[in-house]
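[1] Return a 3D structure for these sequence lines:
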Amino acid sequence: MSNLLKLMKQLGADAALNDEYKKDAAAVIARYKLTSEERDALLNKDYETIKRLTGLKDGQYSTNSTIKAYDS
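    Presented below is the predicted three-dimensional model:
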């Protein structure tokens, strides 16, 4: 599992991490050692790139202020 997908799944499962991400997304992202493309996609909410990088399809992730992945 990619670090990007791991972070997205943890954001969907861990309310405290999600709250921290809302306050300082860049700091949380830095802990997951994402590539610059992955980091930029999350910070810019670039859904097409996120789908390409993770292999997720519509309905396998959700967004509001945070992009999260859920097991289907």
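
[2] Only C-alpha atoms from now on, for both contacts and neighbour counts.
    OK.

[3] residue boundaries of the strands in the chain?
    Secondary structure of the chain (DSSP state E): strands located at 61-63, 67-69.

[4] lowest-confidence stretch among those strands?
    Lowest mean pLDDT of the strands of the chain: strand 61-63, a mean of 62.

[5] Spatially central residue in this protein, please.
    Central residue of the chain (CA atoms, centre = their mean): M8, 3.5 Å from the mean position.

[6] what does the model give that one for pLDDT?
    89.

[7] name the helices or strands packed onto the longest helix along the chain?
    Criterion DSSP state H: the longest helix present in the chain is helix 3-13. Packing contacts for helix 3-13, counted by 3 or more CA pairs under 8 Å, 6 or more residues apart in numbering; DSSP states H and E, involve helix 15-23, strand 67-69.

[8] Pull the distance from that helix to the chain's centre.
    6 Å (CA atoms, centre = their mean, to the nearest Å).

[9] Got phi/psi on the nearest residue to K51 once chain neighbours are set aside?
    Take K51 and drop its neighbours on the chain: the residue closest to it by CA to CA, 6 or more residues apart in numbering is K57, 6.3 Å away. Backbone torsions of K57, given as degrees, to the nearest 10, read phi -110, psi 160.

[10] can you check D46 too?
    phi -90, psi 90.

[11] count of neighbours near it?
    Neighbourhood size, D46 [other CA atoms under 10 Å]: 13.

[12] From D19, how far off is it?
    20 Å (CA to CA, to the nearest Å).

[13] and if you look at K33?
    20 Å.

[14] Tell me the predicted confidence for the residue nearest to K51.
    Taking K57 on its own, its pLDDT is 77.

[15] do the same with M1
    73.

[16] And the one 10 residues further on, by the same measure?
    As summarised for this prediction, L11 has a pLDDT of 89.

[17] Which of the helices and strands packed on helix 3-13 has the lowest mean pLDDT?
    The bottom spot among the helices and strands packed on helix 3-13, by mean pLDDT, belongs to strand 67-69, with a mean of 69.
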